[in-house]
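S.K.: Pasted the sequence and its predicted model underneath.
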Amino acid sequence: MPEITFETATAYDFFISLIVLHNPADFGLRPSWAAGVRSRLPAAQREFFERSLPFLGVPLGWLHDLPLPRKDADSVLNALAQIPAAERLPRLTFTAELRPEVRNALLEIAATGRATPAMRALLKAELDNKRHLPPPATLEYWIEAWSNPAAFGEVWLEALRAYHNLYFREEESRLQTPLENGTQQATRLLNELPLPQVIETLTRGVSIAEIQQIRHLTLIPSYWSTPFIFFQRLDGERALLVFGCRPAHLSLAGGGAVPLALVDTFKALGDPTRLRILRFLAQQPLTPAALAGRLRLRAPTVIHHLNALRRAGLVHIRLDADGERRYDLRREGLDEALTTLHNFLDTSEES
């Protein structure tokens, strides 16, 4: 089993929140509320994030390796400003998981300012292999960024500063306590349960076979990623696991008399196709392709339904070492939904 350490820092949610705000439906966030937050940004910064986030992602490895005593948005932005503009793209986006041929193609584009047809085909294949397909124009935006990495690095820092000043600085003030609570919960679980059960509990139903192959695992709580995870291999047999720690009764959007997690669960259960999926999964674990065959649906449609069930905490995901995903029914998710419903009904509402 790997050695376990923890990292509690709001800087991770600084970058993760941008991903969530630009993919609100995937995270169970009201699209209108997310659009309202994005509208605080000037048009140029809004357009930058819409174009660039699909290939930028979250710089987990860079954040983790920063030698800072406190990793909040301010300190991370200061660290980013110290990196020469042309080096920001490779520093933050090159990971141990990136294929060498893709890395070499990007560096060649940066050196020459152009992409050959072979490079375009290679980069398109890389984007097509993503679990969530990015918009069609992402390939051109990606090549454009690497064609002039210095200019891109300047605009990137400017956009991040604008987002921090116009929204995240205020949001950050409420994150520290739930993040610390998430770390404390994980610490308690490690003292009580084997690591595989701890991972499944913290991630609400994800089992990662690859964890058995690493020597050092850092657990990082995130308010904004809930209920999803980010898992990344680093060099030297290290890995990072970002797990959601937002309590079920709290919403990213704040306010509201009804917990959105409860609404999400009953929306998931109110769909006939999703109920059929749960019945199949109650009988045996299945891959999305196997489910698509049984339901006579396209694989992307099945994955859409599985994401909704995952968001509601109703399915387990088994991530095999070869990257294949198998799903099965998470019965404790049904129990959690009923408990949340009872708690809601038994709590009086102030008028």
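M.R.: Arrived safely, thanks for sending. Numbering: from 1, shown residues only.

S.K.: Report the central residue of this structure.
M.R.: Computing the C-alpha centroid of the chain and ranking residues by CA atoms, centre = their mean puts Phe230 first, at 4.9 Å.

S.K.: from what I can see Leu334 touches Leu309, true?
M.R.: No - applying CB atoms under 8 Å as the test, Leu334 and Leu309 come out as separate, 11.2 Å apart. All C-beta atoms are positioned from the backbone trio N, CA, C, and that covers glycine.

S.K.: between these two, which one's more packed in?
M.R.: Using other CB atoms under 10 Å, the more surrounded residue of Leu334 and Leu309 is Leu309, with 25 against 16.

S.K.: Helix or strand: which one has Ile220?
M.R.: Ile220 belongs to strand 216-222 when assigned by DSSP states H and E.

S.K.: so what does the helix or strand following that strand touch, helix or strand wise?
M.R.: Using DSSP H and E, the helix or strand that follows strand 216-222 towards the C-terminus is strand 230-234. Packed against strand 230-234 by the contact rule (3 or more CB pairs under 8 Å, 6 or more residues apart in numbering; DSSP states H and E) you find helix 60-65, strand 238-244.

S.K.: Now with 10 Å, please.
M.R.: In this structure, strand 230-234 makes packing contacts with helix 11-22, helix 60-65, strand 216-222, strand 238-244, judged by 3 or more CB pairs under 10 Å, 6 or more residues apart in numbering; DSSP states H and E.

S.K.: partner residues bridging the residue nearest to the residue nearest to the centre of the chain when sequence neighbours are not counted?
M.R.: Spatial nearest neighbour of Phe230, excluding adjacent residues (CB to CB, 6 or more residues apart in numbering): Val242 at 4.0 Å. Beta-bridge pairing of Val242 under DSSP bridges involves Ile220, Phe230.

S.K.: Least confident secondary structure element in the chain?
M.R.: Lowest mean confidence among the helices and strands of the chain (mean pLDDT, DSSP states H and E): helix 260-269, at a mean of 86.

S.K.: remind me which residues of this protein are low pLDDT?
M.R.: Within the chain, the segments meeting pLDDT under 70 span 254-257, 350-351.

S.K.: rerun that using 80 as the cut-off
M.R.: Low-confidence segments of the chain (pLDDT under 80): 131-132, 248-249, 253-261, 321-323, 348-351.

S.K.: Outline the domain layout of it.
M.R.: Domain segmentation of the chain under automatic domain parsing yields 12-172, 260-345.

S.K.: Mind putting the ones you listed into CSV with distance to Leu189?
M.R.: Shown next, in CSV, are these (distance: least, CB to CB, whole Å):
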stretch, distance to Leu189
domain 12-172, 20
domain 260-345, 14
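
S.K.: how near is the residue nearest to the centre of the chain to Ile199?
M.R.: Using CB to CB, to the nearest Å, we find Phe230 at a distance of 13 Å from Ile199.

S.K.: now do Leu306
M.R.: 19 Å.

S.K.: One more: Asn78?
M.R.: With distances taken as CB to CB, Asn78 is found 33 Å from Ile199.

S.K.: So the two - more neighbours on which side?
M.R.: Each of Asn78 and Ile199 has its neighbours counted (other CB under 10 Å); Ile199 has more, 23 against 10.

S.K.: what's the lengthiest helix in the chain packed up against?
M.R.: Ranked by residue count under DSSP state H, the longest helix found in the chain is helix 176-192. Judged by 3+ CB pairs under 10 Å, 6+ apart, helix 176-192 is in contact with strand 3-6, helix 11-22, helix 195-202, strand 216-222, strand 238-244.

S.K.: May I have it as CSV, with CA atoms only?
M.R.: The C-alpha trace of helix 176-192 is given here as CSV (Å, rounded to 0.1, in the frame of the first residue of the first chain):
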residue,chain,number,x,y,z
GLN,A,176,-10.8,26.7,4.3
THR,A,177,-13.1,25.2,7.0
PRO,A,178,-14.8,22.6,4.8
LEU,A,179,-11.4,21.7,3.3
GLU,A,180,-10.0,21.2,6.8
ASN,A,181,-13.0,19.1,7.7
GLY,A,182,-12.5,17.0,4.6
THR,A,183,-8.9,16.3,5.7
GLN,A,184,-10.0,15.4,9.2
GLN,A,185,-12.6,13.0,7.9
ALA,A,186,-10.1,11.3,5.7
THR,A,187,-7.6,11.0,8.6
ARG,A,188,-10.3,9.4,10.8
LEU,A,189,-11.2,6.9,8.0
LEU,A,190,-7.6,5.9,7.5
ASN,A,191,-7.4,5.0,11.2
GLU,A,192,-10.5,2.8,10.9
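
S.K.: Name the surrounding residues that touch it.
M.R.: By CB atoms under 10 Å, 6 or more residues apart in numbering, the surrounding residues in contact with helix 176-192 are 4, 6-10, 12-13, 72, 195, 197-199, 201-202, 219-223, 226, 241, 243-247, 250.

S.K.: Same check on stretch 293-306?
M.R.: Under CB under 10 Å, 6+ apart, the answer for stretch 293-306 is 25-26, 131-133, 268, 271, 273-274, 276-278, 280-281, 286-292, 310, 314-315, 317, 325, 327.
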